[in-house]
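Participant: I would like the atomic coordinates for the input below:
(one chain, ligands or ions: 1)
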Amino acid sequence: MTTTVRTRVAIIGAGPAGLLLSHLLGRAGIDSIVIDARTRDQIENTIRAGILEEGTVDVLIDSGVTAPSRVEGHRHDGIELRFAGAGHRIDFKNLVGRGVWLYPQHEALRDLIAARLADGQDLRFGVTADRVEGADTDRPRVVATDSDGAALEIEADFVVGADGSHSVARQAVSGSRAGYFREYPFAWFGILCEAPPSAEELIYSNSPDGFALISQRSETVQRMYFQCDPDADPDALSEEQLWVELQKRVPGTTLNEGPIFQRDVLRFRSFVAHELLHGRVALIGDAAHTVPPTGAKGMNLAVADVVILEKALRALLLEGDERLIEAFPETASHRIWKAQHFSWWMTSMLHVAPDASDFDRLRQLGELRSVVESEAGSRWLAEAYTGWPLEGLA
Ligand code: PHB
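Facilitator: Numbering: from 1, shown residues only. Okay, the predicted model is just below:
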């Protein structure tokens, strides 16, 4: 027995991209159904990174998802680039008049889920998308299995794959793995620890022993990462050894140490699907692209995709105007490739490749000095990190 339901936009994936799209469409009077294979608890409690650009925060606040008081006190007006034993502040506020918010993705997800449910929208957890069919017709559909194992079909005017880096929707748009792709010969060893912050702002550190990022979660919980081998075993090092590894990658700073209660190894890669649109199916967020985390662009890029796609869907579904949806891949790609470049650039500039020669190391220090000693260089970094304007897209 297959249950068939109808909606205007079927959205696979209740991550930031899928939920925000559904929310914005709802405000424009366009119904959607969002499905996700995970439970609500899994989505809300998986600890994720969270640098939000000013434009991303504006979208969340202006659309009524996030109360301004929730992000209060989380603004950062700069970061520190640390190399050769010294720290150099990149002052976002002075350079570009913008800032970023350290507001972890799971907090934004809690806001988005609450907003969706408060609006009485159709949001289904534990529902697995098996495939997308009919992309070339005006009745595309998602073939899925619900939480009881029963077959479910969602028929729609348009299907959106916001289903992350293992996207099922990608098959219908771009072929399952087809994309522009780059792997890196290093990964991040991430820890969460109970300790006070070690610095007021985030520290991105390049050292002869590799990269480290000193981030934060709260007054009592800190998030830190250090460069490691992609095949590193997260349980191989003792807590004491982890602190030695971290400390030696931020020479000249003393970290506040404390009990480590979570550890993970994050492999990273750069990816952009060859196609972002096929007929009446589009890809957004991590289904469309992945960036290494060094540039803090992941969720921001997903939100930018949503802003572009929502406008195009309004034109298509409310006015029958196909021009914006046809232009979606081109419009979205501009920002996607700028973010790909910035994420690759920050990653390459700050990490030490396993096969780096003395020339490579010295050239890298020259590159870092070119950025911090030049107002133009620092401003370019600040512009990209705080995010290119979303104006003109909405
Ligand atoms: C984090 O806090 O987890 C974080 C912050 C900045 C990044 C990546 C991760 O670039």
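
Participant: CA atoms for contacts and neighbours, from now on please.
Facilitator: Noted.

Participant: Could you see whether the ligand lies near the longest helix along the chain?
Facilitator: Among all segments of the chain classified by DSSP state H, the helix with the greatest residue count is helix 323-350. No: among the residues of helix 323-350, none lie within reach of the ligand under CA under 6 Å from any ligand atom; the closest is 9.0 Å away.

Participant: Next, report how far that helix is displaced from the centre of its chain.
Facilitator: The gap between where helix 323-350 is centred and where its chain is centred comes out at 13 Å by CA atoms, centre = their mean, to the nearest Å.

Participant: Would you mark the buried spots in that helix?
Facilitator: Under the neighbour-count criterion of 16 or more other CA atoms under 10 Å, helix 323-350 has 324-326, 328-329, 331-333, 335-336, 339-344, 346-347, 349-350 buried.

Participant: Can you name every helix or strand that that helix contacts?
Facilitator: strand 203-207, helix 298-319, helix 358-372 (3 or more CA pairs under 8 Å, 6 or more residues apart in numbering; DSSP states H and E).

Participant: Now do it, average pLDDT.
Facilitator: Mean pLDDT, taken over the full extent of helix 323-350, equals 97.

Participant: tilt between that helix and strand 203-207?
Facilitator: Compare the direction of helix 323-350 with that of strand 203-207 by axes from the mean of the first three to the mean of the last three CA atoms, to 10 degrees and you get 50 degrees.

Participant: Run the angle between helix 323-350 and helix 298-319 for me.
Facilitator: 180 degrees.

Participant: interface residues of the protein facing the ligand?
Facilitator: 49, 50, 51, 215, 216, 223, 293, 294, 295, 296.

Participant: can you list the domains in the chain?
Facilitator: The chain resolves into domains spanning 2-50+104-179+273-348, 181-269 when parsed by automatic domain parsing.

Participant: Can you say which of the ones you listed is nearest to residue 86?
Facilitator: Shortest separation from residue 86 across these is recorded for domain 181-269, at 6.6 Å, computed as CA to CA.

Participant: Now do the end-to-end distance for that closest one.
Facilitator: Domain 181-269 has its terminal residues 7 Å apart, counting by CA to CA, to the nearest Å.

Participant: Same check on stretch 166-180?
Facilitator: 15 Å.

Participant: Residue 339 versus the spatially closest residue to residue 343 that is not a sequence neighbour, what's the distance?
Facilitator: Distances taken as CA to CA, 6 or more residues apart in numbering put residue 295 closest to residue 343, at 4.5 Å, once the chain neighbours are dropped. Separation of residue 295 from residue 339 (CA to CA) stands at 8 Å.

Participant: can you give me the helices in this structure?
Facilitator: Counting by DSSP H, the chain has these helices, from start to end: 16-27, 40-45, 54-62, 68-71, 92-96, 105-118, 170-174, 239-248, 298-319, 323-350, 358-372, 375-386.

Participant: how near is the residue of the stretch 51-200 of the chain found nearest the ligand to residue 295?
Facilitator: For the stretch 51-200 of the chain, the residue positioned closest to the ligand under CA to the nearest ligand atom is residue 51, at a distance of 5.7 Å. For residue 51, the distance to residue 295 under the criterion CA to CA works out to 9 Å.

Participant: Now do stretch 317-329: distance from first to last residue.
Facilitator: Using CA to CA, the gap from the first to the last residue of stretch 317-329 comes to 18 Å.

Participant: Work out the gap between that stretch and the centre of the chain.
Facilitator: Offset of stretch 317-329 from its chain centre (CA atoms, centre = their mean): 25 Å.

Participant: Name the residues that touch it?
Facilitator: The set of residues external to stretch 317-329 that reach it, using CA atoms under 8 Å, 6 or more residues apart in numbering, is 157, 275, 276, 277, 308, 309, 311, 312, 313, 315, 316.

Participant: contacting residues for the first one?
Facilitator: By that I understand residue 157. Applying CA under 8 Å, 6+ apart to residue 157 gives the contacts 7, 8, 9, 138, 139, 140, 280, 317.

Participant: Could you look over the helices and strands packed on helix 323-350 and pick the most buried one?
Facilitator: Among the helices and strands packed on helix 323-350, judged by mean count of other CA atoms under 10 Å, the one packed with the most neighbours on average is strand 203-207 (a mean of 23).

Participant: tell me the angle of that one relative to helix 358-372?
Facilitator: Direction vectors for strand 203-207 and helix 358-372, defined by the same axes, to 10 degrees, enclose an angle of 150 degrees.

Participant: who does strand 203-207 touch, helix- and strand-wise?
Facilitator: For strand 203-207, the helices and strands in contact under the criterion 3+ CA pairs under 8 Å, 6+ apart are strand 78-83, strand 210-214, helix 323-350.

Participant: picking that back up, farthest-apart pair in the contacts of stretch 317-329, please.
Facilitator: Greatest spatial distance in those: 275 and 315, 21.2 Å, computed using CA to CA.

Participant: what bits of the stretch 101-250 of the chain have low per-residue confidence?
Facilitator: 176-177 (pLDDT under 70).

Participant: Which one of the residues in it is closest to the ligand?
Facilitator: Counting by CA to the nearest ligand atom, the stretch 101-250 of the chain gets nearest to the ligand through residue 215 (4.8 Å).

Participant: Residue 49: what's it in contact with?
Facilitator: Taking CA under 8 Å, 6+ apart as the test, what residue 49 contacts is 104, 105.
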